[in-house]
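Undergrad: Provide a 3D model corresponding to the input given below.
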Amino acid sequence: MAEQAQFEELARQLSAVGAVKRDMGRILPPDCPAGSAAVLTLLGRHGDMRMSKLAELLAVDMSVTSRHVAHVAVRGWIERHPDPADKRSRILRLTPAGLEQLHELSRRTTHLLAERLADWTDEEVAQLIRLMTRLRESFGDCRATQFRLPAAVAAPAVEQTTRTPAST
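TA: The predicted model follows:
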């Protein structure tokens with residue numbers, strides 16, 4: 001098992017990943033913010049789905065999902081069709097324009113990663129992919145679990161004393 005100092009350094013490095021994500025966010029087209037890109041990516045990866053499933057995959061509230069879906073629908077990147085199993089629900093589907101936008105997002109992301117990791121070997125990139133995949137698997141479905149601090153960290157021991165607290 002790793003040492004405490006290693007876990008502390010890992011926590012610092014994971015915090016720094018935010019800078020990488022921000023840099024990747026800067027390459028998004030102005031009319032396709034990160035939430036919209038996530039909707040397109042998930043529909044591209046998983047295919048047609050209900051909004052409730054999309055909200056689950058995004059790990060956000062249904063109202064946030066609705067705003068993202070409205071944004072991409074207005075741009076013609078997705079269609080909303082009645083669900084044959086439940087007419088109150090809608091099935092979301094990428095349109096040809098949505099697929100085109102998704103390909104553009106992929107092209108931009110791939111180009112940025114190739115540029116930033118130009119001095120990495122193929123094996124180093126493969127190793128990073130393996131380790132990040134393993135890290136995600138170790139955390140499982142983060143949406144369904146709640147993190148609890150160990151008792152000693154969450155509620156530090158209170159010093160026992162016989163003194164009476166001062167009155168206010």
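Undergrad: residue nearest the centroid of the chain?
TA: Taking CA atoms, centre = their mean, the centroid of the chain lies closest to Leu58, which sits 6.8 Å from it.
Undergrad: so that residue touches Ala38, yeah?
TA: Yes - the criterion here is CB atoms under 8 Å, and Leu58 meets it with Ala38 at 6.0 Å. Just so you know, the C-beta spots here come from the backbone N, C-alpha and C atoms, and that holds for glycine as well.
Undergrad: any shared contact partners between the two?
TA: His68 (CB atoms under 8 Å, 6 or more residues apart in numbering).
Undergrad: the strands in this protein, which residues?
TA: For the chain, applying DSSP state E gives strands covering 49-50, 78-83, 86-94.
Undergrad: in a markdown table: these, plus distance to Arg67, mean neighbour count and mean pLDDT.
TA: Formatted as a markdown table, the strands of the chain follow (distance: least, CB to CB, whole Å; neighbours: other CB atoms under 10 Å; pLDDT from 0 to 100):
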| stretch | distance to Arg67 | mean neighbour count | mean pLDDT |
| --- | --- | --- | --- |
| strand 49-50 | 17 | 16 | 96 |
| strand 78-83 | 13 | 15 | 94 |
| strand 86-94 | 14 | 14 | 91 |
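Undergrad: one step back: so who does the residue nearest to the centre of the chain touch?
TA: By CB under 8 Å, 6+ apart, Leu58 lies in contact with 35, 38-39, 42, 64-65, 68.
Undergrad: residue ranges with poor pLDDT in this structure?
TA: Applying pLDDT under 70 to the chain flags the ranges 1, 141-168.
Undergrad: try 50
TA: The chain contains residues with pLDDT under 50 at 157-165, 167-168.
Undergrad: need the helices for it, in chain order.
TA: 4-26, 34-46, 51-58, 62-74, 96-116, 122-139, 151-154 (DSSP state H).
Undergrad: which stretch among those helices comes nearest Arg80?
TA: Distance to Arg80, taken as CB to CB, is lowest for helix 62-74 among the helices of the chain, at 6.3 Å.
Undergrad: other SSEs contacting the closest one?
TA: helix 34-46, helix 51-58, strand 78-83 (3 or more CB pairs under 8 Å, 6 or more residues apart in numbering; DSSP states H and E).
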